[in-house]
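Peer 1: I would like to see how this sequence folds:
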Amino acid sequence: MTREEQRKYKEMTRYLAEKAKEEAKKYHLKKKDYMFYLPKGDMFYSTMLDLRQKKLTAYFYAKPLWLDDILWDILDMSSNKEEPISLRSVGAFTIHSMIREKEFTAESTEEIDKAVGETFEELTALADSYGEEDFLAECHSLVYQQEVIEVIVLLHQGKYEKALALCQEKEIGYFGVGNKDFSQLAASYIKRIKRSQGSILRRKMREGKYGH
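Peer 2: Numbering: from 1, shown residues only. Purely as a prediction, here's the structure:
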């Protein structure tokens, strides 16, 4: 890249940041660092605009709120549920479930204007049309953090044995805490749930709530 091209790229990057921040207000989107997000009901939607020379890529994310909630329970970070909701867009220990992306040419400010407008329109439309059932229908085909998401979905559905088997079969290296990776942390979490369920069942049986 020549010096002139570098100068123009910096100008366009600065223009994109200012334009996106301005346009986000019109669509009632909130911003945290490089992410624009929109919580709606029990879902969380967000987008990121990435300018690389003359190409602008919009990445779209959507997820049920319970996806992060269960992750934080597994990682012993349940207090994150009380943090500002923006944490779900940029936090290091959050699920980044990208469901689609869209590319634009960005050789002029007019093209950036068009790309930003179309991106924010698509994000708001996504929030109106894409729900938990849609996420569950395609979560197995997501590329990034797919195995983590699969384990959490199984836990949400109460399929603890399947989730445990998956953790024991594979080394899922995301979200390491201390000297343990996600597989180990999730397996420990599942075993705690099963022990807790067993204790509750035994107590109810002693109280005569499950027959004789």
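Peer 1: who are the packing partners of the helix or strand encompassing residue 16?
Peer 2: Secondary structure from DSSP states H and E places residue 16 in helix 3-26. Packing contacts for helix 3-26, counted by 3 or more Cβ pairs under 8 Å, 6 or more residues apart in numbering; DSSP states H and E, involve strand 30-32, strand 43-52, helix 109-129. Every C-beta, even on glycine, is put in place using the N, C-alpha and C of the backbone.
Peer 1: relative orientation of it and strand 43-52 in degrees?
Peer 2: 160 degrees (axes from the mean of the first three to the mean of the last three Cα atoms, to 10 degrees).
Peer 1: what about this protein, any weak spots by pLDDT?
Peer 2: In the predicted model, the chain carries pLDDT under 70 at residues 197-212.
Peer 1: how about a cut-off of 90?
Peer 2: 1-9, 53-54, 91-92, 140-145, 170-180, 192-212 (pLDDT under 90).
Peer 1: can you point out the buried residues in the helix or strand harbouring residue 151?
Peer 2: Applying DSSP H and E as the criterion places residue 151 in helix 146-156. By 16 or more other Cβ atoms under 10 Å, the buried positions in helix 146-156 come out as 147, 148, 149, 150, 151, 152, 153, 154, 155, 156.
Peer 1: before we move on, back to that, buried sites along the helix holding residue 16?
Peer 2: Buried, per 16+ other Cβ under 10 Å, within helix 3-26: 9, 12, 15, 16, 19, 20, 23, 24.
Peer 1: contacting residues for the last one?
Peer 2: So that's residue 24. Taking Cβ atoms under 8 Å, 6 or more residues apart in numbering as the criterion, residue 24 is in contact with 30, 31, 36, 120.
Peer 1: switch to 6 Å and redo it
Peer 2: Contact analysis of residue 24 by Cβ atoms under 6 Å, 6 or more residues apart in numbering lists 31, 36.
Peer 1: ok, it to residue 121 distance?
Peer 2: Per Cβ to Cβ, to the nearest Å, residue 24 is found 12 Å from residue 121.
Peer 1: residues near residue 82, how many?
Peer 2: Neighbour count for residue 82, taken as other Cβ atoms under 10 Å: 7.
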